[in-house]
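**Q** I would like the atomic coordinates for the input below:
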Amino acid sequence: MTKETYVVDMSRGPNVKLRPVPVGAVRIRGGFWRERMTAGVAGVHTALGKLEKSGALDNFRIAAGRKKGTFRGPCFMDSDVYKWLDAASMTLMTERNPALEAQMNEAIEIIAEAQEKDGYLNTYCQLGAYGPRWRDIRSAHEFYCAGHLFQAAVAHCRATGSESLLNVACRFADYLCETFHEGGTACAPGHPEVEMALVELYRQTGRKRYLALARFLIDCRGTDRSQCKRDLYCQDHLPVREQTHAIGHAVRDMYLRCGMTDVYAEEKDENLMAALRTVWKDMVHRRTYIHGALGSRYAGEAFGDPYELPNLRAYAESCAQIGGTMWSWRMLAIEAEARYADLMETQLYNSILSGVSLDGERYFYQNPLESIRDRERQEWLGCACCPTNLMRTIASVPGYLASTSDEGVFVHLYADAQIDWHLASGKPLELDIATDYPWSGDVEIVLGEHTAGTFGLFLRIPGWCRSAAVTVNGKQIEEASRSGGYLRLVRDWRPGDRVGLSLKMPVEVVQANPRLREAFGCVALKRGPIVYCFEEPDNPGVELPDLRLPLRPEAPGEGFEPAFRADLLGGVTVLEGKGRVPERPDGDRPLYAAFRAEEEAWKPVRVCAIPYYAWANRGPAHMKVWLPWVAVT
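**A** The predicted model follows:
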């Protein structure tokens with residue numbers, strides 16, 4: 001393994017401003033993300049047994065002739081194995097594990113044996129579960145599974161140096177190139193995924209035909225060449241350059257935007273980028289939950305109408321916000337604007353982490369903002385796209401921390417970590433980052449003994465931060481320029497220079513746009529990047545449906561105090577404060593009654609809010625993010 005082990009290798013893209021610091025050049029040594037990554041590795045190790053039990057690996061054995069039987073699972077079952085290989089490869093990028101490598105090699109051997117002579121590989125169709133190849137491009141997920149194979153193959157090659165899986169991927173990709181092209185078969189894959197995977201395969205191999213196929217599949221959408229018949233659900237209603245908002249199946253939408261962004265990064269197309277900016281803005285300003293989740297409707301796992309963001313019935317599939325982070329990461333590389341990193345941070349700390357338990361062994365498919373004791377994490381899911389996706393995402397976090405540019409280095413996310421890489425000039429870049437983020441906003445960055453010279457250090461000032469201070473070698477910097485949400489420090493740096501960043505982290509009381517009906521008259525609590533919720537175990541004797549938060553409108557956050565609890569949920573900062581419940585419980589009132597403008601009788605209660613990502617780790621319980629509020633003086 002070399003240090004050049006990227007999540008997405010945009011390092012040589014001709015149309016990017018930022019080039020990622022690879023996973024292998026970043027060591028997260030402690031703190032919040034070390035704990036989450038350790039739990040993630042545990043999940044990777046136990047997942048293989050769950051894939052065996054589900055029949056995912058047996059499907060390949062049967063296709064390879066090693067075993068007799070019939071296909072088991074949904075049509076996209078192959079992708080679960082590929083994503084597990086992707087996640088395992090990502091873990092190897094930060095730490096060698098011979099036992100895990102041996103398990104991966106065995107799975108790759110079976111996959112290679114299952115591949116047809118012409119390169120085709122999809123056990124769902126090979127085993128006759130649905131019919132001949134490409135009979136239903138909209139729903140059979142052949143392209144989708146191929147995309148996850150390609151991504152896993154690239155990650156495996158980067159992590160291990162082996163081309164065993166990469167050779168399988170290239171044979172399949174070559175088959176696709178010979179089948180789908182102008183003059184051949186034209187289509188728009190029902191579930192986007194292969195588009196961004198083909199671009200990454202091109203980046204790894206240099207074979208331009210893979211990039212050309214990605215562009216061709218994207219350009220087929222919304223045209224007479226498509227076989228999805230102008231389907232909104234599949235983002236096939238219009239040509240991609242004419243699309244203006246996030247629509248249809250949320251995961252499909254995000255994966256399509258990733259592919260479009262990758263194509264732009266390699267082949268500049270301003271009309272493509274204009275459409276991407278328009279859709280991203282629409283998604284963030286009208287269709288994204290406070291915790292970063294995407295896709296509000298159970299019907300079609302889809303985006304809803306503007307401001308249609310229900311709480312109890314939120315779908316918010318884990319894969320959707322993972323897709324959102326993947327897309328924002330690509331947009332960040334192209335535009336170097338902190339708003340993309342802001343959304344990534346919100347999703348990573350809240351709606352993505354909520355999808356997996358604190359021990360890394362149990363999962364959520366949906367991530368609602370309210371529960372009535374009806375939600376419990378599962379050891380595995382019949383549709384297991386989310387567990388394996390969560391594994392590979394958490395293992396990828398080191399690769400999201402920083403980027404370089406011609407101007408210097410950009411730090412996007414703050415974690416207790418060491419970076420050992422180089423600047424665009426080729427000069428060494430060694431950064432030692434010490435922080436207890438997200439519980440504290442204090443960050444110290446020390447330059448290593450080989451780091452010197454004039455360059456820019458760009459520090460993201462998160463969108464949630466209202467006040468920040470920065471010091472260099474203990475001296476307060478009063479005037480520092482901003483660039484796209486980043487604090488820009490340019491100087492002649494010397495080894496041992498220390499940069500201190502203090503991000504003020506008061507409790508923030510958040511209200512929603514009045515058009516967001518389900519949050520009307522309610523507030524939610526945030527501190528730093530963390531969204532909070534109220535859960536039953538922390539509020540004994542309090543009926544959460546009756547709870548109101550008393551607020552002083554001129555200083556709404558004053559009523560809550562942060563307190564770190566090392567003994568709770570793996571160590572979290574909670575928010576403790578006062579609440580109110582009606583003397584007469586709401587459940588005792590008639591369903592309907594004549595309006596009366598009378599003073600309500602309240603009784604005070606002590607309440608405690610926990611980070612949203614940590615809910616449902618103590619069994620089914622009532623939980624709420626948004627609560628009604630009452631004004632106090």
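**Q** what's across from D420 in the sheet?
**A** The bridge-partner assignment for D420, based on DSSP bridges, gives E430.
**Q** quick one: contacts for the closest residue to D442 other than its chain neighbours?
**A** On the basis of Cβ to Cβ, 6 or more residues apart in numbering, the spatially nearest residue to D442 that is not a chain neighbour turns out to be S502, at 5.4 Å. Heads up, the C-betas are built off the backbone N, CA and C, glycines and all. Neighbouring residues of S502 by Cβ atoms under 8 Å, 6 or more residues apart in numbering: G441, D442, V443, A468, A469, V470.
**Q** among these, who's most crowded?
**A** For those, counting by other Cβ atoms under 10 Å, the largest number of neighbours falls to G441: 24 neighbours.
**Q** Quick check: pLDDT value at that one.
**A** G441 is assigned a predicted lDDT (pLDDT) of 97.
**Q** Without its sequence neighbours, what residue ends up closest to it?
**A** According to Cβ to Cβ, 6+ apart, the nearest residue to G441 is L503 (3.2 Å).
**Q** surely that neighbour meets C465?
**A** Yes - under the contact definition of Cβ atoms under 8 Å, L503 touches C465, with a separation of 4.8 Å.
**Q** Please say which of those two ends up with more neighbours.
**A** When L503 and C465 are compared on other Cβ under 10 Å, the one with more neighbours turns out to be L503, at 25 against 19.
**Q** For the residue lying closest to D586 once chain neighbours are set aside, give its distance to A87.
**A** Computed as Cβ to Cβ, 6+ apart, the closest residue to D586 that is not its neighbour in sequence is D546, at 5.0 Å. Using Cβ to Cβ, to the nearest Å, one gets 42 Å for the distance from D546 to A87.
**Q** With G13 instead?
**A** Distance of G13 to A87, computed by Cβ to Cβ: 25 Å.
**Q** same check, this time on Y613
**A** 19 Å.
**Q** Same question for M344.
**A** 19 Å.
**Q** Compare those two and say which is more crowded by neighbours.
**A** Between M344 and A87, counted using other Cβ under 10 Å, A87 has the larger neighbour count: 27 against 24.
**Q** Quick check: the more buried one is in a helix.
**A** Yes - under DSSP: H, G, I helix; E, B strand; the rest coil, A87 falls within a helix.
**Q** mind giving me the domain split of the chain?
**A** Following automatic domain parsing, one gets these domains for the chain: 19-400, 404-503, 507-631.
**Q** buried ones in stretch 97-106?
**A** When neighbours are counted by 16 or more other Cβ atoms under 10 Å, the buried residues of stretch 97-106 are found to be N97, L100, E101, Q103, M104.
**Q** hang on, the last one packs against S89?
**A** Yes - using Cβ under 8 Å, M104 is in contact with S89, at 7.4 Å.
**Q** and for the two, which residues touch both?
**A** Taking Cβ under 8 Å, 6+ apart as the contact criterion, the residues that touch both M104 and S89 are H156.
**Q** in the stretch 301-450 of the chain, which spans are strands?
**A** For the stretch 301-450 of the chain, strands defined by DSSP state E, counting those that start in this stretch occupy the ranges 370-372, 402-404, 408-411, 417-422, 428-435, 442-447.
**Q** In a markdown table: these, plus distance to L332.
**A** Supplementary listing: the strands of the stretch 301-450 of the chain in a markdown table, determined by distance: least, Cβ to Cβ, whole Å:
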| stretch | distance to L332 |
| --- | --- |
| strand 370-372 | 31 |
| strand 402-404 | 8 |
| strand 408-411 | 9 |
| strand 417-422 | 17 |
| strand 428-435 | 19 |
| strand 442-447 | 19 |
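**Q** among those strands, which is nearest E600?
**A** In terms of Cβ to Cβ, the element of the strands of the stretch 301-450 of the chain nearest to E600 is strand 370-372, at 22.5 Å.
**Q** Perfect, I'm done here.
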